[in-house]
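# Could you look at this predicted model? Sequence included:
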Amino acid sequence: MLLFRGNEWQKRLSPEEMQKVASQWMDWFKRLSEQGKATAGSPLLAEGKLVSGKNGRVVADGPFAESKEAVGGYFLLQVKTSEEAVAIARECPGLAYGAVVEVRPVAETCPLVAEMAAQEQLAGATA
Amino acid sequence: MNAPTINSGYLLLIRNDEWYNSMTADELRKISEQAKSWFERLAAQGKVTPGQGLVRGGAVVGKNGRTLTDGPFAEAKEVIGGYMILQADNLEEAISIAKTNPILAHGSTTIEVRPVAQECPLDARLRELAEEAQLATA
């Protein structure tokens, strides 16, 4: 998964640069999907909430509007290696302007289930 | 083949501090079943598409395509552990659904609820600027 982090950089672009980056980005996604390498993607609105606590009792505002870390969008990639995912991330048209791309492998198993299986294995081994 | 640009719905980003690493298999089984039935109930209502966990660790790519070695998003409870996509009528509904996720009871889990944008934010900004320019010359 590619997570596009930071949206401050967009505010420093001139309209011409915005136009250029927007259309490069769209072409980038289009090319990746035609190659079967991107299976989904979306930009996100710079708003939302952070939910936490038991029963989600805490609902807070987040730094979505102007932040170096806010997630501005994502792509889901279908590639064989992390190296390939990183190589694709390096093509992001926003990088030259300050965009940052986080590259995260998708887990094959839910981490809870993986931890459970690991523990059961351990328990089995010491039984 | 053209990948869908999903332009409706709400992205949930789940952050946690790997609380599951300090639980017994029995506790995990119980929680995992709760999470699974929560998800299945929503899926039956057509409100959720399957999400995934993200492997902790990875890479961060910055200016000039260089890899930032000390991932800036590395503080344990800030790491995004997984995501899912909800269909809801509005943000309030998406938030109330997120609140019912049973994993919120464990560790310092937070769920970020973000509306999916209909258009690229740069295009949205360009449109705003064009509208402002039009108003200015009216």
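Arrived safely.
# need the helices for the chain, in chain order.
Chain wasn't specified; assuming chain A. A:8-11, A:15-34, A:82-89, A:111-126 (DSSP state H).
# Sorry, I should have been clearer: chain B.
Counting by DSSP H, chain B has these helices, from start to end: B:25-44, B:91-99, B:121-137.
# re earlier: and the helices of chain A, which is most packed in?
Compared across the helices of chain A, helix A:82-89 shows the largest average neighbour count, a mean of 18 (mean count of other C-beta atoms under 10 Å in any protein chain shown). Just so you know, the C-beta spots here come from the backbone N, C-alpha and C atoms, and that holds for glycine as well.
# Excluding chain neighbours, what is closest to the residue of chain A at minimum distance from chain B?
The minimum distance from chain A to chain B, using C-beta to the nearest C-beta, falls at A:Gly56 (2.8 Å). Spatially, and ignoring its direct neighbours in sequence, A:Gly56 is nearest to B:Lys99 (2.8 Å; C-beta to C-beta, 6 or more residues apart in numbering or on different chains).
# Redo the helices of chain B as a markdown table? Include mean pLDDT.
Below are those laid out as a markdown table (pLDDT from 0 to 100):
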| stretch | mean pLDDT |
| --- | --- |
| helix B:25-44 | 93 |
| helix B:91-99 | 96 |
| helix B:121-137 | 91 |
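# Redo the ones you listed as CSV? Include mean neighbour count and distance to B:Gly62.
What follows is the helices of chain B, written out as CSV (neighbours: other C-beta atoms under 10 Å in any protein chain shown; distance: least, C-beta to C-beta, whole Å):
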stretch, mean neighbour count, distance to B:Gly62
helix B:25-44, 15, 34
helix B:91-99, 19, 31
helix B:121-137, 13, 19
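# Please name whichever of those is nearest to A:Gln19.
Distance to A:Gln19, taken as C-beta to C-beta, is lowest for helix B:121-137 among the helices of chain B, at 6.3 Å.
# Just grab the bridge partners of B:Leu13 for me.
Note on B:Leu13: beta-bridge partners B:Tyr83, B:Glu112, judged by DSSP bridges.
# OK, contacts around it?
Contact partners of B:Leu13, counting by C-beta atoms under 8 Å, 6 or more residues apart in numbering or on different chains, are A:71, B:80, B:82-83, B:111-112, B:114.
# quick one: contacts for the residue in chain B positioned nearest to chain A?
In chain B, the residue that lies nearest chain A is B:Lys99 (2.8 Å; C-beta to the nearest C-beta). Counting by C-beta under 8 Å, 6+ apart, B:Lys99 touches A:51, A:55-57, A:59.
# Give me the subset of those residues lying in strands.
Using DSSP state E, the members of those that fall in strands are A:51, A:59.
# Narrow the contacts of B:Lys99 to those that are buried.
In those, burial by neighbour count holds for A:51, A:56, A:59, counting by 16 or more other C-beta atoms under 10 Å in any protein chain shown.
# close enough to count as contact, the second one and B:Ile111?
Pointing back at A:Gly56 there. Yes. Contact criterion C-beta atoms under 8 Å: A:Gly56 and B:Ile111 qualify, at 7.3 Å.
# right, and the helices of chain B - which one's nearest A:Arg5?
Closest approach to A:Arg5 among those is made by helix B:121-137 (13.6 Å; C-beta to C-beta).
# wait, does the closest one contact chain A?
Yes. Helix B:121-137 is in contact with chain A by C-beta under 8 Å from any C-beta of the partner chain, via B:121-123, B:125-126, B:129.
# just the angle between that helix and helix A:15-34, please?
Relative orientation of helix B:121-137 versus helix A:15-34 (axes from the mean of the first three to the mean of the last three C-alpha atoms, to 10 degrees): 150 degrees.
# Could I get the CA-only coordinates of helix B:121-137 as PDB?
Output in PDB follows, covering the C-alpha atoms of helix B:121-137 (Å, rounded to 0.1, in the frame of the first residue of the first chain):
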ATOM      1  CA  PRO B 121      -7.300  17.900  -4.200                       C
ATOM      2  CA  LEU B 122      -5.100  19.800  -6.700                       C
ATOM      3  CA  ASP B 123      -7.900  19.800  -9.200                       C
ATOM      4  CA  ALA B 124     -10.300  20.900  -6.400                       C
ATOM      5  CA  ARG B 125      -8.000  23.800  -5.600                       C
ATOM      6  CA  LEU B 126      -7.600  24.800  -9.200                       C
ATOM      7  CA  ARG B 127     -11.400  24.900  -9.500                       C
ATOM      8  CA  GLU B 128     -11.600  27.100  -6.500                       C
ATOM      9  CA  LEU B 129      -9.000  29.500  -7.900                       C
ATOM     10  CA  ALA B 130     -10.800  29.600 -11.200                       C
ATOM     11  CA  GLU B 131     -14.100  30.400  -9.400                       C
ATOM     12  CA  GLU B 132     -12.300  33.100  -7.400                       C
ATOM     13  CA  ALA B 133     -10.900  34.600 -10.500                       C
ATOM     14  CA  GLN B 134     -14.300  34.700 -12.100                       C
ATOM     15  CA  LEU B 135     -15.800  36.400  -9.200                       C
ATOM     16  CA  ALA B 136     -13.000  39.000  -9.200                       C
ATOM     17  CA  THR B 137     -13.700  39.900 -12.800                       C
END
